[in-house]
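[1] Generate coordinates for the sequence data below:
(one chain, ligands or ions: 1)
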Amino acid sequence: MDFFAKTLRLPGRWVNNVRFTVSSAGDFESITADATAENAGIIDGIVIPGMPNLHSHSFQRAMVGMAEYMKSADDDFWSWRNLMYQCANRITPSQLHAITSQLYMEMLKAGYTSVAEFHYLHHQQNGKAFDTLTDLSDVIIEAAAGSGIGLTLLPTLYQTSGFGGQQPREEQRRFINETEQFVSLVEKLLPLRSSQLQIGLAAHSLRAMQEGALTELVALKNDLGLTTPLHIHIAEQEQEVSDCENHYGCRPIQWVCDNYDMNESWSLIHATHITAHELELLAKSQCIVGLCPTTEANLGDGVFPVKDFLDLDGIIGIGSDSHISVNPIEELRWLEYSQRLHYQKRIRLIDENITHNGTNLWEQALSGGAFACGRAINGIEMNMRADLLVLDDTHPILYGRKSEQILDTLIFAGNTNTIRDVMVGGNWVVKQGRHINEDEIRHNFYQAMDTLFE
Ligand SMILES: [Zn+2]
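    Model (predicted):
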């Protein structure tokens, strides 16, 4: 199928009058600038690549906004986690399906065309393994397919409640797997891989792993030839950094750098609490640092020194994590604004060789996110998945903007949605601002919410 767009963002440059072909498999097959529109489907608007969301826990969408009241003067991440456990322990497979479908639809409408699901909600409410399903992975996979979003499923190993092999807490019963049980889950999932579904691996965190389990996971990844980076929550909270120091005599980022060959096959989520030396190690290693600025702000985690990291040529991607915000624009805006507030200066995340901040932020997060997802989704380019967003160029916020100003305007002033249509793998999943299954997904979501918190 041939398409024609007047203005389109190719990697590193804007082009006009572009004709492109999408193969029957859903990939970009040919892309030609300064072409004619003859016999092509005309795309009415500005075309930019869709954004990968490299970190999601879909069930948490059910509870957004419910922890915004004061229980004590010391409310923090750990008090939020108690509510999250309550939500995780109530949710049924059909509720999870409805909530995940709604979330993924929201992601698509906001500009995320693929997601890496860091999946640790494995078992029944009583903590026993499901008889009929692989685990709740099936539900996530079905929800992604129904919404049309590209999925990297990261079955997540979660074993202990703290460093030193501490027994899991009762509220963690749905998350826990012995390593052998986990390996068999991964083996069941691998044959399901397709152009829209990738399978990777995640370790929940150093505090949630039995001694030696991370090494087994790295070996499993290598044995199975999995190319998607291994994801892990690394240093989100100061308490886990000091717990790690007490147990291993070393901070978590330093510890993984000392014990593993840190390279592009790692994706470290929330490297928030990091020393200058650790920052250098990560930048040099070319591992991906997954940042979730709105969740990190909401949970009072801290601020990752992203300017220093990008100055060292570090690689970043963004995720919506707890889904307090499902919007790549807001994540990128917070990334830049946290640095402006810190340095009391403007335009922090580029150097003098790059002129436009918004365009650069979008492309950095796109490329790091694509790598973290382990799928061919790094922009509008030959052999990549045909994932794109069409912006409404008649929207007052974008009207009259030169092409190089489009992403600057979108990220720093885009408070109403300017995304009109969304294509994933060559299929239109959002048209004129509406998802193709919007009514059904929303109806099921209402039903789930009515019963989940009744
Ligand atoms: Zn997370």
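[2] Name the next helix or strand downstream of the lowest-mean-pLDDT helix or strand in the chain, please.
    One helix or strand of the chain scores below all others by mean pLDDT, DSSP states H and E: helix 77-90, with a mean of 85. Sequence order places helix 93-110 as the next helix or strand after helix 77-90, per DSSP states H and E.
[3] Can I get the least confident helix or strand of the chain as CSV, trimmed to CA atoms?
    The C-alpha atoms that make up helix 77-90 are tabulated as CSV, following Å, rounded to 0.1, in the frame of the first residue of the first chain:
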residue,chain,number,x,y,z
PHE,A,77,7.0,5.5,47.7
TRP,A,78,6.6,2.8,50.3
SER,A,79,3.1,4.0,51.5
TRP,A,80,2.0,4.3,47.8
ARG,A,81,3.3,0.7,47.4
ASN,A,82,0.8,-0.6,50.0
LEU,A,83,-2.2,0.7,47.9
MET,A,84,-0.5,-0.8,44.8
TYR,A,85,-0.4,-4.2,46.5
GLN,A,86,-4.1,-4.0,47.4
CYS,A,87,-4.9,-3.3,43.7
ALA,A,88,-2.7,-6.0,42.5
ASN,A,89,-4.2,-8.6,44.9
ARG,A,90,-7.8,-7.9,44.0
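[4] For it, list every residue counted as buried.
    Going by neighbour count (16 or more other CB atoms under 10 Å), the buried part of helix 77-90 is 77, 80, 84-85, 87-89. To be clear about C-beta, it is placed using only N, CA and C from the backbone, and glycine gets the same treatment.
[5] try stretch 297-304
    Going by neighbour count (16+ other CB under 10 Å), the buried part of stretch 297-304 is 297-299, 301-304.
[6] any idea which of the residues you listed is the one closest to residue 105?
    Nearest to residue 105 among the buried residues of stretch 297-304 is residue 298, at 21.8 Å by CB to CB.
[7] Strands along the stretch 251-400 of the chain, start to end?
    Assigned by DSSP state E, counting those that start in this stretch, the strands in the stretch 251-400 of the chain fall at 266-269, 288-291, 315-318, 388-391.
[8] looking at those, which is buried most?
    Highest mean neighbour count of the strands of the stretch 251-400 of the chain: strand 288-291, a mean of 28 (counted as mean count of other CB atoms under 10 Å).
[9] what sits up against that one?
    Residues lying outside strand 288-291 but in contact with it, judged by CB atoms under 8 Å, 6 or more residues apart in numbering, are 54-55, 229, 231, 264, 266-271, 282, 304, 306, 309, 314-319, 331, 335, 368, 371-372.
[10] Can you give the distance of it from its chain's centre?
    10 Å (CA atoms, centre = their mean, to the nearest Å).
[11] With stretch 99-115 instead?
    From the chain centre to the centre of stretch 99-115 is a distance of 11 Å (CA atoms, centre = their mean).
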